[in-house]
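Enquirer: after the sequence you'll find the predicted model.
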Amino acid sequence: MKRALISVSDKSGLIEFAQFLEQNNYELISTGGTFKHLKDAGLSPIQIDEVTNFPEMLDGRVKTLHPKVHGGLLAVRSNEEHMNTVQEHGIGLIDMVIVNLYPFFENANKDISLDEKVEFIDIGGPSMLRSAAKNFNSVTVITDVQDYEK
């Protein structure tokens, strides 16, 4: 079964796309608010902490920064050593990443404190996108809700 990791701030059109993925035998992995959104729509996502065996922490600042996420994204499928390593460490491969980043620029000019603005700086999302991009031969990357229909 293929696996898709979904962590989005813009949830427009997500339910229909996630339904399509489930119908096409993708296991859905998701984080906090995305997990709740998918679950409330009757889908069957797995929470990221079930994959990592580590809870979200630091007020949600650390969710996906984990070897079981990045190892699953970065493992080169044709590299026997990589495949042995992920198997040895119980790391499942991730075939698709659906991520759109926190709306930092939309919030930067709001009348909110600097501490509140800092919370809109996304760390995990860009990290997953970079890991997936490095392994573009095996991992599909979707960052724009307009691409769900493609």
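Expert: Looks like it arrived, so ask away. Residues are numbered from 1 along each chain as shown.
Enquirer: following element in sequence after the least confident helix or strand in the chain by mean pLDDT, please.
Expert: The weakest-scoring helix or strand in the chain, judged by mean pLDDT, DSSP states H and E, is helix 104-108 (a mean of 69). Counting by DSSP states H and E, the next helix or strand C-terminal to helix 104-108 is helix 114-118.
Enquirer: burial measure for residue 115, as a count.
Expert: Close neighbours of residue 115, defined as other CB atoms under 10 Å, add up to 7. The C-beta positions use only the backbone N, C-alpha and C, and glycine is treated the same way.
Enquirer: residues contacting it?
Expert: With contact set as CB atoms under 8 Å, 6 or more residues apart in numbering, residue 115 has no partners.
Enquirer: which parts of the chain are helices?
Expert: Under the criterion DSSP state H, the chain contains helices at 14-23, 32-40, 48-52, 67-74, 80-88, 104-108, 114-118, 124-134.
Enquirer: got the buried residues for the fifth one?
Expert: Read that as helix 80-88. 82, 86 (16 or more other CB atoms under 10 Å).
Enquirer: could you give the angle of that helix to helix 67-74?
Expert: Inter-element angle recorded for helix 80-88 and helix 67-74: 150 degrees (by axes from the mean of the first three to the mean of the last three CA atoms, to 10 degrees).
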